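Asker: Here you go, sequence then predicted model.
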Amino acid sequence: MIVSFGHVLVLSGLLFLLGTVCAVARRNLIMILLGVEIMLNAATIAFVGAALRWHDMEGQVFVLFIFAVAAAEVSVGLALIIGVYRRTGSVDPNNFNLLK
């Protein structure tokens, strides 16, 4: 079964939109972090689709780089969320005024 590049871009766009809605609409730091991860995964789908479309390896190299960035982002983000939760007892982003 051959999937066209347009279908891959539509799937990637829908996933990116879903991640954006999750990151903006939720009032939970973990859900915001999950929305950012979904947006990164949408970018990886677009890069893999482009690599398959034009038969080159650069898209797959970008995917490996995005995986490394996503892993670092999750580890640092969860560490920050745990630190803030221990300090305030909440993961609601409206309650954070620690930098004021």
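Answerer: Arrived safely.
Asker: show me the contacts for the residue nearest the centre of the chain.
Answerer: The centroid of the chain falls nearest to residue 37 when counting by C-alpha atoms, centre = their mean (2.1 Å). Neighbour list for residue 37: 19, 70, 73-74 [criterion: C-beta atoms under 8 Å, 6 or more residues apart in numbering]. No exception for glycine: its C-beta is placed from N, CA and C like everyone else's.
Asker: Can you say which of those residues are buried?
Answerer: Taking 16 or more other C-beta atoms under 10 Å as the criterion, what is buried in those is 19, 70.
Asker: Now secondary structure and pLDDT too, for the contacts of residue 37, in a markdown table please.
Answerer: Below are these laid out as a markdown table (DSSP: H, G, I helix; E, B strand; the rest coil; pLDDT from 0 to 100):
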| residue | secondary structure | pLDDT |
| --- | --- | --- |
| 19 | helix | 96 |
| 70 | helix | 92 |
| 73 | helix | 92 |
| 74 | helix | 93 |
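Asker: which of the contacts of residue 37 sit farthest apart?
Answerer: The most widely separated members of the contacts of residue 37 are 19 and 74, with 13.9 Å between them, by C-beta to C-beta.
Asker: Let me see the ranges of the helices in the protein.
Answerer: Ranges of helices within the chain are 5-25, 29-54, 58-88, based on DSSP state H.
Asker: what's the burial count for residue 77?
Answerer: The number of residues packed near residue 77 is 17, by other C-beta atoms under 10 Å.
Asker: Look up how far residue 71 lies from it.
Answerer: For residue 77, the distance to residue 71 equals 11 Å [C-beta to C-beta, to the nearest Å].
Asker: still on that earlier bit, ranking the helices of the chain by mean neighbour count, which comes first?
Answerer: Of all the helices of the chain, helix 29-54 has the most neighbours on average by mean count of other C-beta atoms under 10 Å, namely a mean of 18.
Asker: relative to helix 58-88, how tilted is that one?
Answerer: With axes from the mean of the first three to the mean of the last three C-alpha atoms, to 10 degrees defining the directions, helix 29-54 sits at 180 degrees from helix 58-88.
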